[in-house]
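Chemist: Here you go, sequence then predicted model.
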Amino acid sequence: MIATWLDPSLDLARSELAEFDWIEEARPEEFKTLRLEDAKGTFLLTSAGWLEAGRRLNLRFTRLQAAAIDILTVMCYPTNRPDLLPVYAYEWVMINGRGHAMICDVEICGSHPELESRLQVVYQPLAETFRGTFESKEPPDWFREIAQPHAQFFTSSLQDLEQVFRLQTAYLRSVVETFYRPLLSSGLRGGADHADVTAYKTHHADHSPGTKMLGKFLGAERAHDFLYRYHFGPAQ
């Protein structure tokens, strides 16, 4: 048996982004679904990536499940216009029925003051509506370097998951309605990843807690390949 606490989270993300035309990215089958059995039980790694048909957004998810582990990361990146389109990102780390590190943010690749100002108008009031809902946690330094003032970094229990999913949906729905939908429908041109996007993804890969955990299942070399080429790799 594997933990399925976060099934609703993935379903909600897919639903909120379903209006866009997504083309699945190629990746090795072993990275799409990998099931391992050992004396400790069953471990399941699943992942996928999609490129929006106009090459303006790049959506990725990775999930690791075991009997007492359910870890889900969802990232929606811009490609060539990080000055206009922000990153939507969340990561839920559930171990033994508790959220040890729960992160939700709408971020910027690089320095784009005008976009940052627009984000604050939307997300500062929204962040206030969740103030006191969760137990705050001190984020690591590498996350502080990219986090916005409205970033949510906290711990939680299973009983909090309904509120966690409400936060996830509120942040995602706002980024879709305020940024993704109007800009994509305006005919914004897409393209390959901008240097700011590449730097942002590399920063995540360099500091990913997944390096150690994935290394146990994939081996160090394949874990590095997965993180740098696929989960945090260039849009394909």
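Modeler: Sure thing, it's come through. Numbers count the residues shown, from 1 in each chain.

Chemist: And the next helix or strand past the host helix or strand of Gln163?
Modeler: Assigned by DSSP states H and E, Gln163 falls within helix 161-175. Counting by DSSP H and E, the next helix or strand C-terminal to helix 161-175 is helix 181-185.

Chemist: Please list the outside residues in contact with that next one.
Modeler: Under the contact criterion Cβ atoms under 8 Å, 6 or more residues apart in numbering, helix 181-185 has outside partners Glu19, Phe20, Glu52, Gly54, Arg56, Leu57, Arg81, Leu84, Leu85. The way it works is simple: take the backbone N, C-alpha and C, and place the C-beta from them, glycine included.

Chemist: swap the cut-off to 7 Å and go again
Modeler: The contact list for helix 181-185, computed with Cβ atoms under 7 Å, 6 or more residues apart in numbering, reads Phe20, Gly54, Arg56, Leu84, Leu85.

Chemist: measure the residue of the chain most remote from its centre to Ala66 for me?
Modeler: The centre of the chain is farthest from one residue, Ala39, which by Cα atoms, centre = their mean lies 30.7 Å away. Ala39 sits 13 Å away from Ala66, going by Cβ to Cβ, to the nearest Å.

Chemist: Which positions within the worst-scoring helix or strand of the chain on mean pLDDT qualify as buried?
Modeler: Lowest by mean pLDDT, DSSP states H and E among the helices and strands of the chain is helix 210-218, with a mean of 83. Buried residues in helix 210-218, defined by neighbour count with 16 or more other Cβ atoms under 10 Å: Gly210, Thr211, Met213, Leu214, Gly215, Phe217, Leu218.

Chemist: Show me what it is packed against.
Modeler: Contact partners of helix 210-218 among helices and strands, from 3 or more Cβ pairs under 7 Å, 6 or more residues apart in numbering; DSSP states H and E: helix 220-225.

Chemist: can you rerun that using 8 Å?
Modeler: Packing partners of helix 210-218 (3 or more Cβ pairs under 8 Å, 6 or more residues apart in numbering; DSSP states H and E): strand 33-38, strand 41-52, strand 57-66, helix 220-225.

Chemist: now it against strand 33-38, angle please.
Modeler: 70 degrees (axes from the mean of the first three to the mean of the last three Cα atoms, to 10 degrees).

Chemist: so helix 210-218 versus strand 41-52, what angle?
Modeler: Using the same axes, to 10 degrees: helix 210-218 against strand 41-52 is 120 degrees.

Chemist: Now for the buried residues of helix 210-218: which two are most distant?
Modeler: By the measure Cβ to Cβ, Thr211 and Phe217 form the most distant pair in the buried residues of helix 210-218, at 11.7 Å.

Chemist: Mutual contacts of these two, please.
Modeler: Joint contacts of Thr211 and Phe217 (Cβ under 8 Å, 6+ apart) are Ala223.

Chemist: immediately after the longest helix along the chain, which helix or strand?
Modeler: If you go by DSSP state H, the chain has its longest helix at helix 113-129. Using DSSP H and E, the next helix or strand after helix 113-129 towards the C-terminus is strand 135-136.

Chemist: on that earlier part again, and the helix holding Gln163, what does it pack against?
Modeler: Packed next to helix 161-175, using 3+ Cβ pairs under 8 Å, 6+ apart, are helix 7-16, strand 87-95, strand 98-107, helix 113-129, strand 152-157.
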